[in-house]
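Student: Everything below, folded, please.
(2 chains)
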Protein chains: 2
Amino acid sequence: MKIGIIGGAGRAGTYIYNEAVERGHDVTAIVRNKERAQHRLGTDAKLLVKDTYALTREDLAPFDAVVDALSVPWGSGQGFEHLDMAAHIVHLLRGTKTLALFIVGSSSLKVNGQLMYETFDEETAQQPWFDGAQYQYFECVFLQMTPDVNWIAVSPSMAFPTGPKTGYVRGKDDLLVDESGNSEISTGNMAAAIIDELEGPKSLHARFTVRDQA
Amino acid sequence: MKIGIIGGAGRAGTYIYNEAVERGHDVTAIVRNKERAQHRLGTDAKLLVKDTYALTREDLAPFDAVVDALSVPWGSGQGFEHLDMAAHIVHLLRGTKTLALFIVGSSSLKVNGQLMYETFDEETAQQPWFDGAQYQYFECVFLQMTPDVNWIAVSPSMAFPTGPKTGYVRGKDDLLVDESGNSEISTGNMAAAIIDELEGPKSLHARFTVRDQA
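Tutor: Alright, predicted model coming up:
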């Protein structure tokens, strides 16, 4: 399939790009910085060099699937970009059949029946990751108000380190924890889960989550 | 104050524009169609002729307050524009001190303690106004996820006919109904309520509602 990866040269995006290319898909990395993307993905990588907000309906029209792998640096105070960029992508895809997959953070998952976002207290709100976590939760709420786009959302586990594909376990609304108490998904396993989902969607208009196989 | 009215030559916008001008404010109507705006507001009207999605942070920077008076025709299937245009305006105003007032429809109000949006059934969903009502509810939810913009939302009563300023009654989360059972706010009274709110905000980060004084 034709897959466009917005943020395709980022930490998660690079793994998603490589996983999709390896499986023989026609993949375009949608990036802001051409040199950085070529350095990370190779000089032969298929790129669309454009700021997210400058993307048009025409830019996204060729793709069967679009992945939002954009990230926002912790502590930048720009957490709202998670929501605003997702809103822009949704706007461009309204009424189309394009699959749109968003990585939305873990704060929209439940732990012991309670939404993680709702467990955040004053102290949590001081953490450098809070701003991004909050707006990724808002992003998830926004997607749930989007009946006219074929969106899919995926939450990582508590930790989302850089690492290879080794096998993953899939869940739905509850934070996944393995037998040893670890809640972790590598970028390689996330990439595999994302391309699996695009090849055979099971979570249209819904969110799923993944953890590393122990 | 300097007030920008997006959709300032529309049915509600025209009344808001005239009310603000009458009170001596420095008012700009932000419109798509110059001729239509001059026909409605006069050839000396201060206009910014631009599509909503083409507006930039710089375009909105001069205003102390921005009013979103955009409307979407019933039955157009474009109800999502309520949400998407609000999301774009919010994006442009993030981190600023600008007052941003949005007209968000009545479906986010309560009747007998129940959210109107939640009372909508299959039959309601076939009504020509449903699409717009649904997305105006979503717009209201979106604003509630916006801590970093000085937003204010106002819901009209059940009916929102064109008519003069005659006096209004203000409420908060419940649909207002007068002694005779009418739930109605004229465009003239809505305009007065909006400019009153901008001159002395009482509902920052909140939604209020208004009805005609019987």
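
Student: do stretch A:147-155 and chain B meet?
Tutor: Yes: with Cβ under 8 Å from any Cβ of the partner chain as the measure, stretch A:147-155 is seen reaching chain B through A:Asp148. From N, CA and C alone the C-beta is placed, and that goes for glycine too.

Student: typed the wrong thing, it's stretch A:44-51
Tutor: No: Stretch A:44-51 lies out of reach of chain B by Cβ under 8 Å from any Cβ, never closer than 13.0 Å.

Student: buried stuff in that stretch?
Tutor: A:Ala45, A:Leu47, A:Leu48 (16 or more other Cβ atoms under 10 Å in any protein chain shown).

Student: sec struct for the last one, please.
Tutor: Each residue gets one of three states, and A:Leu48 gets strand by DSSP: H, G, I helix; E, B strand; the rest coil.

Student: Just list whatever residues bridge to the residue most central in space within chain A.
Tutor: By Cα atoms, centre = their mean, chain A has its centre lying nearest to A:Ile103, at 2.1 Å. A:Ile103 forms beta bridges with A:Val154, as assigned by DSSP bridges.

Student: how about it, what does it touch?
Tutor: A:Ala12, A:Val67, A:Asp68, A:Ala69, A:Ala153, A:Val154, A:Ser155, A:Pro156, A:Met190, A:Ile194 (Cβ atoms under 8 Å, 6 or more residues apart in numbering or on different chains).

Student: Roughly how far does it sit from A:Gln136?
Tutor: 8 Å (Cβ to Cβ, to the nearest Å).

Student: And A:Glu35, by the same measure?
Tutor: 28 Å.

Student: out of those two, which sits in the more crowded spot?
Tutor: Neighbours per residue, other Cβ atoms under 10 Å in any protein chain shown: of A:Glu35 and A:Gln136, the larger number sits with A:Gln136, 25 against 10.

Student: Go through the buried residues of stretch A:44-51 and say which is closest to chain B.
Tutor: Distance to chain B across these (Cβ to the nearest Cβ) is lowest for A:Leu48, with 20.0 Å.

Student: before we move on, what SS does the residue nearest to the closest one when sequence neighbours are not counted have?
Tutor: Distances taken as Cβ to Cβ, 6 or more residues apart in numbering or on different chains place A:Ile30 nearest to A:Leu48, at 4.6 Å, with adjacent residues excluded. Counting by three-state DSSP, the backbone at A:Ile30 sits in strand.

Student: Residues of chain A that sit close to chain B?
Tutor: A:80, A:83-84, A:87-88, A:90-91, A:94, A:138, A:141-142, A:145, A:148.

Student: among these, who's most crowded?
Tutor: Ranking the residues of chain A next to chain B using other Cβ under 10 Å puts A:Phe138 first, with 27 neighbours.

Student: The host helix or strand of that residue to helix B:130-144, inter-axis angle?
Tutor: Using DSSP states H and E, A:Phe138 falls within helix A:130-144. Per axes from the mean of the first three to the mean of the last three Cα atoms, to 10 degrees, the angle that helix A:130-144 makes with helix B:130-144 is 170 degrees.

Student: which intervals of chain A have sub-threshold pLDDT?
Tutor: Applying pLDDT under 70 to chain A flags no residue at all.

Student: if I look at the residue nearest to the centre of chain A, how far off is chain B?
Tutor: 18 Å (Cβ to the nearest Cβ, to the nearest Å).

Student: Cheers, nothing more for now.
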